[in-house]
Every structure is written in structure tokens, then in C-alpha cells.
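In: Structural data only, the sequence is not supplied:
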């Protein structure tokens, strides 16, 4: 872009049409301001609220650990699962947590490929959230196998009995999908962290910090010969993570869709689950980032514009989800299948009726519709309220699909209900504690915003900044490719 | 090459006030015909590869190879046990060509997994990392490279490198704090 603008007119910053684009980082902050503010979170002593929060979440996490230990040492019978509801809170929690992870990968990979520069302020923390959510998710199928010490049978390892896994089973696909998802997310997250760890290494004042950050920064020195390969690796990891994230929740939905149970046996499940995952995940990103932004005074980096954009994603995916819900009802009626019709009638008026009215209808379909209004997207309290609704609503949705599908079988004689035990309840609450504790540790010890990436969106990062050959000298936030 | 005090010389470095000045300086050094030199910045600068005369990274070829090896691994891991070691007929489905679609998800996952590992290890190996000690860290100004500073360093082992010529070039390109960097 030295002499002539090569990008088509529609891609310009709007200056030619008299529309000024709001900068991604407000108040014309400098590179060193960004470094100071973001590294400062990690370098200064933990604020008091951090200790208060961590004590609470850590205690809750301990309850969860205790319940897991009790469940492993006693058996799956401590849960309320019983025929016909053999999958209940455990698998609900698994799908809930794995879905939350999807927003992180969407932000870090898909928005990267789509060149959405606003992602740089939120991608690091969203990716960390992905890792912690997948960790929480992996707990549930892990302990649900009953004898955890036999879980290695899930892997195709040669053994005495010459027994091999059935690779045509969706549960096997799940094992590969979730473990690949976690591994690739870790690699992507760590690759992105290396330049920022080098920043912390160069600022470290104590020997131990210098050693640890130095070790993990791998001797990064910001060389352009290194950036060249680094940017290619980052692009390819994003390219690999994009189909991966779409596949993971599709595979999770196959666990249900390949069965013959009414309400499970539907072809709409993969896209419906993926949209729901992104929907629930963005709500969780907002749930975590809105307080973190306020606590660490990051308003210039995570701006109202970012929250507005995330609210739009919630509105879009929430509307996908609402469409999928209606289509399920339509197909149940249109199929003429008595069992399908009954199952959906039962969803709305059966024993779990209020789960549907509150969770699916109010929380998932209606509450995001507030985001049609700009005022609501920019009002932190409204955004927080809707994200909380969506968090809860997506859990209810998974419970309705799983237990709601199972509790009314083909044979009325085998009908039953699911009643959670205290172990069910505390294991789930415990994973909320584990998740928030891990996130608190993350914002304490690692840079929660990708410094090297946010710096790129500053106008000064442009190689032609201030040059007279530039056609848009005043345009601070021009999107460069 | 050694300094009067007996230190081995790694190269000569200069600091630049902005990404734009570094970009212009890189073009100057490239045109002067230097080969062993590098620029250092807190973030990747768009267009710097061309300004330095670098070609597209060939890391993508490594990732392609990783992805293909992942696919082949999945084919062996799946069909070995399912067709030969422990043929199992579930849902009335034999393990013949007609049931191949049921094997696709794991092939896809392992392709992505191996491709991602290839990308991760390739970026480290091709960049010569981890390398915790590097002569450039001897320059105390250099610690700001991960914050807000921009540097250009010409190595002494470049065949065209002479102290006078390098200093003249760095001065002409607008470099500040021009310094000889020690190797030890």
C-alpha cells in the first residue's frame, strides 16, 4: 500500500463517507502504556478482592474435589442417575462446559481468520477460559465411566485381552475430539503467549520470575526473522482450530443424534449444538471479562465497543438457537411420528415444564432479543443480566435434551424421573469453583490481554504511520491485511 | 572481530523511534546488500518481510506434512484393530468399505492434532528456540524490545560488515544509540 490503495473502497475505514471509526484502544494510549497496564496486573501484589474471591472459589472447588473423591471411591450410585435416566447431570455438565470453551476458540481462531482486529483485546482470556472449561468438561465423562482406573481402555492401546475400542462409536469420536481440542487449544494459547512471556521476562525484578518467565519465553527476542515463521504458525494454528471447534460440538451432538431416541434422533443437532456452544460461550466470556475489566481498570483496552460486538454475537447465535428450537417442534409435528410429538409436548407441559419455560424460552430465546437495542448492548448491567440468563439457560437446555429425552421412554412402564443427589449438585457447583479459581490464577500470573497483539491495532504500529504517501493519514484504526 | 578491550563482536545495533522508521531503515539495509542482519520489534510489523527481502515462510509445508502423517496414523490405528486384530460387528455393520464414513471423525481429529503439533514444534525449531542466551541480550537497551522499542542489528559475520560502513549506514537510516554488541 505504498502508492495506490489496493483494497476495494468498501474495506476503507469509512472516512471517505464521513463515518469515523472508533479506535479499538481508546485515549490514544502508547505501546508502553499498554505494557505497563497489562503487565502491572501480574506484577503488582494481588488486590484484596482477589484474595476474597479466590478463597471463596477455592473453597467451592474443594467441595467439588471431595465429591469427586467420594464418587470415585464409592461408585456412580452416589449420583441420582438410574434407568431410564442413565445420563443426567454428569453429561449435562460435560456438554455445558465443553460448549463454553467454544467461544474462546471462535474468538482466537475464527475471528482471526476473518481479520476482526477487535478480538486482540479479549482473545487471550477467552482462550484461557476455553482451557479451563474443557478441563471441567473432561472430569464428567471421566468419572462417569465408573471405574476411572480403567479409563485407559478408551485409548487404542494393546492389552492382554486383545480388546480394542470400537472406532465407529460416537463415544470414541468424542474421546478423540475432546482430547484433540484440548491439546490444540493449549498449543495455540501457548504460542500466542510466548512474546508476552518475553515481555514479563524483560521486566522481571526477582530471580525466580526471571527464571520462570525466561524458561517459558524460550528466549524470544522479537526478531522479524522469527516473527515471519511465528505469524505463519499462528495463522495455520488458527486455520486448524477453526474446523476443529466446529467439529467438537458436532461430535458431541452425534452422541445423541446417532441414537434412536425421540428428541435425540435429529439431523439438525450438529449446527444447533455449535450455535448453542458459541452462544453460551460468549455469555461466559462476558461474565468473566466485565468484572475483570472493572477491577483492573482496563476500560481503554476492553471498550464498550468490544462488549457491544460480543452482544451482537450473542444475539445472532441466540437467534440461531431459537430457530433450531422452533424447527424441532415443527419437525416433530410434521413427521407425524407419535413418539416425537409426545416427546415435544412433554418438553413443554411434562414434569420438567418449567425448565423449558424458564431456561429455553425465557433465558435462551427471549433475553438475548434485548440486544437488538444499542442501548442494551452498551449498558453493562443489561449485558451482565443477559449473559447470566444465557449461562443458566444453556445448562437447562442441555438438561432438557438429555434427561428430558430419557425420562419418558417408549414404554410407559419404564418411565421415571431424575432427582439429583447432594453429590450431583456439589460436583457441578464444585466445577464452577474449579473453573473460576483457575481463571483467577490465570489473571494473577499471566498477562490476561495479548500485549503483542493489541499493540498491532494501534495506529503507530503501521509501517506507514505519519508518512505522506499514506492516503488516510488521520485514520487511526485502519484495518490492514 | 574484536573490540580494543578484547571482546568478541557480535554485531552493531541501532534503535529506532518508531515502526515506520524501522521499516524505512530495513529497506535501506536490504538495498545495501547485507545478508546477516535482523530487525527486532515488540510486535510483527506488516510489510517488514518484503522490506527485509524475506520470502514467505515455508513452515506451511511442515504443517501439511504433519497433517498428512496424522491422517495416515488414524487410518492405521483405526483399520488395524477394526479390520484385522479385533473385527467387531456392531449395529450389524461389518468393517468393509461401506462403513468408512464412521471412521472419518477420528481421521479428521488426528489430522488436526498432528498438524498443530507440527506447527508448534516447527516454529520453535525453525526459529532456533528455545535459546535462553543470545549475544543480543548483552545490550542493556535491548530489554525494551518486548515493550516499545525498535532495533536493527547487523551481525559482524556478514561478509560486508565493517565497523565504519555499518555505522555510517545505521546513522544514515536514522538509527539512534548505535552500539557495538559483544558476543561474550
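Out: Received, thanks. Since we're looking at a predicted model, the values are computed, not measured. Numbers count the residues shown, from 1 in each chain, chains lettered A, B, ... in the order given.

In: Just the strands from chain B, written as ranges.
Out: Using DSSP state E, the strands of chain B run over B:9-16, B:37-40, B:150-155, B:176-182.

In: So in that sheet, which strands flank the longest one, and in what orientation?
Out: Take DSSP bridges as the rule and strand B:9-16 pairs in its sheet with strand B:150-155 (antiparallel), strand B:176-182 (antiparallel).

In: I'd like those strands laid out as CSV, including mean pLDDT, distance to residue B:31 and mean neighbour count.
Out: Backbone N, C-alpha and C define where each C-beta goes, glycine included. What follows is those, written out as CSV (pLDDT from 0 to 100; distance: least, Cβ to Cβ, whole Å; neighbours: other Cβ atoms under 10 Å in any protein chain shown):
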stretch, mean pLDDT, distance to residue B:31, mean neighbour count
strand B:150-155, 90, 13, 25
strand B:176-182, 86, 19, 17
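
In: quick one, longest helix in chain B?
Out: helix B:104-126 (DSSP state H).

In: how about that helix, does it get close to chain A?
Out: Yes. Using Cβ under 8 Å from any Cβ of the partner chain, helix B:104-126 reaches chain A at B:105-106, B:108-110, B:112-113, B:115-117, B:119-120, B:122-124, B:126.

In: Just send the strands paired with strand B:9-16 back as JSON lines, with distance to residue A:42 too.
Out: Output for those, formatted as JSON lines (distance: least, Cβ to Cβ, whole Å):
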{"stretch": "strand B:150-155", "distance to residue A:42": "24"}
{"stretch": "strand B:176-182", "distance to residue A:42": "29"}
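
In: so who does the spatially most central residue of chain B touch?
Out: The centre of chain B sits closest to residue B:127, judged by Cα atoms, centre = their mean, with a distance of 4.1 Å. Each residue near residue B:127 by Cβ atoms under 8 Å, 6 or more residues apart in numbering or on different chains is listed here: A:223, A:225, A:226, A:229, A:230.

In: What pLDDT does the model give it?
Out: Residue B:127 carries a pLDDT score of 89 in this model.

In: mind checking the backbone torsions on it?
Out: The phi/psi pair for residue B:127 (degrees, to the nearest 10) reads phi -90, psi 0.

In: For the residue in the stretch 301-450 of chain A that chain B sits nearest to, grab the count of nearby residues.
Out: Closest approach between the stretch 301-450 of chain A and chain B, counting by Cβ to the nearest Cβ: residue A:450, at 9.8 Å. Neighbours of residue A:450 under the rule other Cβ atoms under 10 Å in any protein chain shown: 24.

In: Look up the closest residue to it, ignoring the ones flanking it.
Out: residue A:124 (4.4 Å; Cβ to Cβ, 6 or more residues apart in numbering or on different chains).

In: Just give me the neighbour total for that neighbour.
Out: Residues contacting residue A:124 under the criterion other Cβ under 10 Å number 28.

In: now for whichever helix or strand it is part of, which elements pack on it?
Out: Using DSSP states H and E, the element containing residue A:124 is helix A:123-144. Helices and strands touching helix A:123-144, by 3 or more Cβ pairs under 8 Å, 6 or more residues apart in numbering or on different chains; DSSP states H and E, are helix A:48-74, helix A:89-105, helix A:170-203, helix A:269-295, helix A:422-445.

In: Nearest to residue B:7 among those would be which one?
Out: The closest of the helices and strands packed on helix A:123-144 to residue B:7 is helix A:170-203. By Cβ to Cβ, the value is 22.8 Å.
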